[in-house]
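*Asks:* After the sequence you'll find the predicted model.
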Protein chains: 2
Amino acid sequence: MLKSKSPNLTADLPHRCVTIKDVASAAGVSTATVSHALNLTGRIRAKTRQHVLTLARELKYYPNRNASNLASRLSRTLGVIVSDIENPFFAVAVRSFEDTARQGRFETIVSETGYDLPLMQRAAENMLKEKVRGVAILTSEMSPRWLEEIVLQDIPIVGFDLSIANEKVTNIRIDYLSGVREVVEHLYHLGHRRIGFVGGRVTFKNILSREQSYLASMKALGLEPGPVLSGNQRPDGGYAAGMALLETRPRPTAVVALNDLTAIGLIKAFRAGGLDVPGDISVTGFDNTYLAHYFSPRLTTVDMHPDILGKSAAEALSDSFGNSGVSKERTISLNLVIGGSTGPAPGSESCAS
Amino acid sequence: MLKSKSPNLTADLPHRCVTIKDVASAAGVSTATVSHALNLTGRIRAKTRQHVLTLARELKYYPNRNASNLASRLSRTLGVIVSDIENPFFAVAVRSFEDTARQGRFETIVSETGYDLPLMQRAAENMLKEKVRGVAILTSEMSPRWLEEIVLQDIPIVGFDLSIANEKVTNIRIDYLSGVREVVEHLYHLGHRRIGFVGGRVTFKNILSREQSYLASMKALGLEPGPVLSGNQRPDGGYAAGMALLETRPRPTAVVALNDLTAIGLIKAFRAGGLDVPGDISVTGFDNTYLAHYFSPRLTTVDMHPDILGKSAAEALSDSFGNSGVSKERTISLNLVIGGSTGPAPGSESCAS
DNA sequence: GATCTGAACAAAGTCGATTGCAATCTGCCA
DNA sequence: TGGCAGATTGCAATCGACTTTGTTCAGATC
């Protein structure tokens, strides 16, 4: 769209941004005054301030955040490390975190690990190089090594099920056991006795927690834990597990999935195998994402309140800036949401125990 | 966990990061040498380089990206502005963008607008202050004003349906018309004649494009455009629209939704109204997210290849760094995916036209 | 053995903003 | 009108890394 005839094309010249100096000289004041006018620091005459602000806007001045962070030795950026942004549970949590951070005039940068070890390291390094003010670990597969590394740099951390205790670390407790127990008991009351479980990589602590909670809940009811399979926390993993379960004899009458995504994968597999959900087999999810709500039948699941989680995480970081060393524990309560994906065990009306 | 008895608690002292100076003095070389060793610039003896690298690791040195960007007057960060990360379509696109960027040793920062104007402005300002190297606009509700503003700072932009033409801007073309036409024709061949449409905020250009494509497709088939409603690009908007459609007389026998999320909202509403999908009414989505795949019935939808989109966007930016002024257009091809959410129009076998 | 050459490294200026302290100005009071 | 306190504003150092411009030194050449 631009005729490129002149050798002095704008695009060829190294571009210079508008700096605080430009604003200062345009306003006929020093850079210090401009800085104070923009940041409400120092006492500036109202008229001067207005003048500077007007000029800054006219010149389209956008303060270089790199320079600002460097000079003030203080960043207003928070980091979030998350495993899978495609999972609506995390998407909601991250958004909630960002919204809360924004209200405190903090920016947020997000790094995804994709349940992958090298990416996990990269994410941590990213935060360290960016010199963020605090980090939220919205995933629990983070290796202790990198947590230590972050804490060593004196950066506050918030997360759940963190394998590290330190005054810079705020742990958000999630009572998986009560959540999973409610699910299992719900199925029990529907007459189910053979209740399977589809988990994920047990090397990840919060995934392991759910599995252990399942085992404990079964034992508490005097039930033999049914088949336990592993997915990959995503629908395709659930589908594969579901296909495997179709072949299992005796087939469970209900399956508890570690999250909603796995549950919908399971259901697709069961239907492909000619089973009716919940007529032939009941399925439960975990997280109560919008998927669970709009899926048909609506998933029986456990609400993890990702919005509260994200908000809590951001607040925990803000708090830890003010009063150092006070690591309040925070707790997220879970509650069962009953949907149509669970029903009476086949033939349970006649042989209810 | 830490006993705080000493007044010289580490946490109370202003923390100093390990800097390049620390590494330099530890290694007995100048900071210049350290910089060269780490960045592979300049000619350094292999032994010196190794020595420096080892020490940097031992001291846990993480180069301050703020200082680095400032000094080199060049950032290796790309920005992505996206409307709704909760929509799997965008989640996949963003991830694909990040992966591609990472391969080119670029970091990515993401800002979400939530279809909200003030947030849109904030996102743009965020990019400007961060002095990113390039921006991908994975949403089309960005106001031209901010696009201009970014281009003015000489920052390359890539996006789809951008309302600005400039040598710094790469436009990714998406042929909505062909995609929507395939959907409408598919329904037509199934015997549908009253085909409704649920769109979104028509102030957003790519949303408007889909609606216009629908109208054009209907006209091309000699059909009267059925009821046209607006959602909010999310499931709840689809649900509300579906509820409204239940009351419409004559009720359409098929509804085209502007995306998958709206489609699942619609279906929930229709089922709540006692309708069978696709027995009583057919529904189509758009985007072919994993939702469409795992939903039951599988959604008939249009694959937009978000992964290719994200990758293309990142590549376009990388390209624009090398050769300035070459703004290659890129095109994403769409293709129809037929699922079980569409079926013959009720009674169409007897009165097929 | 003196000179030249290029590799390897150091010194110092620079990026754009912040901030403590000094300098200036203003208004008020004596 | 002179002086002083308090309100404004400027000066200049600083943050941590990069990068241009030297400087040094080993080896090669004659």
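*Replies:* Yes, it's here.
*Asks:* which element is A:R249 on?
*Replies:* Per DSSP states H and E, A:R249 falls between elements, in no helix or strand.
*Asks:* Give the burial count for it, as a bare number.
*Replies:* 4 (other C-beta atoms under 10 Å in any protein chain shown). All C-beta spots, glycine's among them, are computed from the backbone N, C-alpha and C.
*Asks:* just the one 3 residues further on next, same as before
*Replies:* Using other C-beta under 10 Å as the criterion, A:P252 is surrounded by 20 other residues.
*Asks:* list the contacts for the closest residue to it other than its chain neighbours?
*Replies:* Nearest non-adjacent residue to A:P252, counting by C-beta to C-beta, 6 or more residues apart in numbering or on different chains: A:G196, 3.8 Å away. Counting by C-beta atoms under 8 Å, 6 or more residues apart in numbering or on different chains, A:G196 touches A:226-229, A:245, A:248, A:252, A:254-256.
*Asks:* can you pull the pLDDT of A:G196?
*Replies:* Looking at A:G196, its pLDDT reads 96.
*Asks:* beta partners of it?
*Replies:* Listed beta-bridge partners, A:G196: A:V255 (assigned using DSSP bridges).
*Asks:* Now name the helix or strand holding A:S217.
*Replies:* Counting by DSSP H and E, A:S217 is found in helix A:205-220.
*Asks:* re earlier: most neighbours, which of the contacts of A:G196?
*Replies:* Ranking these using other C-beta under 10 Å puts A:V256 first, with 35 neighbours.
*Asks:* shouldn't that one be in contact with A:T284?
*Replies:* Yes: under the criterion of C-beta atoms under 8 Å, A:V256 makes contact with A:T284 at 5.1 Å.
*Asks:* any shared contact partners between the two?
*Replies:* By the contact definition C-beta under 8 Å, 6+ apart, A:V256 and A:T284 are jointly contacted by A:183, A:187.
*Asks:* Contacts for stretch A:111-127 next, please.
*Replies:* Contact with stretch A:111-127 is made by A:79-85, A:109, A:135, A:139, A:141-143, A:146, A:149-150, A:155, A:201, A:204, A:232-233, B:62, B:95, B:98, B:102, B:107, as judged by C-beta under 8 Å, 6+ apart.
*Asks:* which regions of the stretch 251-353 of chain A sit below the pLDDT cut-off?
*Replies:* The stretch 251-353 of chain A contains residues with pLDDT under 70 at A:323-327, A:348-353.
*Asks:* residue boundaries of the strands in it?
*Replies:* In the stretch 251-353 of chain A, the segments counted as strands under DSSP state E, counting those that start in this stretch are A:254-257, A:282-284, A:301-303, A:330-332, A:335-337.
*Asks:* tell me how far the longest one is from the chain's mean position?
*Replies:* Okay, so that is strand A:254-257. Chain-centre distance of strand A:254-257: 23 Å, with C-alpha atoms, centre = their mean, to the nearest Å.
*Asks:* cool, and the third one?
*Replies:* Centroid separation for strand A:301-303 versus its chain: 16 Å, with C-alpha atoms, centre = their mean.
*Asks:* Same question for A:T170, what's its three-state structure.
*Replies:* Following DSSP: H, G, I helix; E, B strand; the rest coil, A:T170 is assigned to strand.
*Asks:* Hmm, it is touching A:P156, no?
*Replies:* Yes: contact criterion C-beta under 8 Å: A:T170 and A:P156 qualify, at 7.3 Å.
*Asks:* Neighbouring strands - and their directions - for the helix or strand just after the helix holding A:S217?
*Replies:* Going down the chain from helix A:205-220, the next helix or strand is strand A:228-230, by DSSP H and E. Strand A:228-230 has the following sheet partners, assigned by DSSP bridges: strand A:195-199 (parallel).
*Asks:* Run a quick neighbour tally on A:T331.
*Replies:* With other C-beta under 10 Å as criterion, A:T331 counts 12.
*Asks:* The nearest residue to it once chain neighbours are set aside: what's it in contact with?
*Replies:* Distance criterion C-beta to C-beta, 6+ apart; nearest residue to A:T331, sequence neighbours excluded, is A:R173 at 4.6 Å. Contact analysis of A:R173 by C-beta under 8 Å, 6+ apart lists A:160, A:329-332.
*Asks:* And the pLDDT at whichever residue of the stretch 151-300 of chain A sits closest to DNA strand C?
*Replies:* Residue of the stretch 151-300 of chain A nearest DNA strand C, by C-beta to the nearest atom of the strand: A:D154 (17.8 Å). Model confidence at A:D154, given as pLDDT, is 89.
*Asks:* Point out the residues in the stretch 251-353 of chain A that sit beside chain B.
*Replies:* With C-beta under 8 Å from any C-beta of the partner chain as the criterion, the stretch 251-353 of chain A comes near chain B at residues A:264-265, A:267-268, A:271, A:290-291, A:293-296, A:324-325.
*Asks:* next one: the stretch 51-200 of chain A
*Replies:* Residues of the stretch 51-200 of chain A lying near chain B (C-beta under 8 Å from any C-beta): A:60, A:62-67, A:69-70, A:75, A:85-86, A:88, A:91-92, A:94-95, A:98, A:102, A:107, A:109-110, A:112, A:114, A:122, A:125-126, A:128-131, A:149, A:152-154, A:165-168.
*Asks:* what about burial for these, which qualify?
*Replies:* The neighbour-count test (16 or more other C-beta atoms under 10 Å in any protein chain shown) applied to those identifies A:62-67, A:69-70, A:75, A:85-86, A:88, A:91-92, A:94-95, A:98, A:102, A:107, A:109-110, A:112, A:114, A:122, A:126, A:128, A:130-131, A:149, A:153, A:166-168 as buried.
*Asks:* From those, which land in strands?
*Replies:* A:107, A:109-110, A:112 (DSSP state E).
*Asks:* I appreciate the help and will end here.
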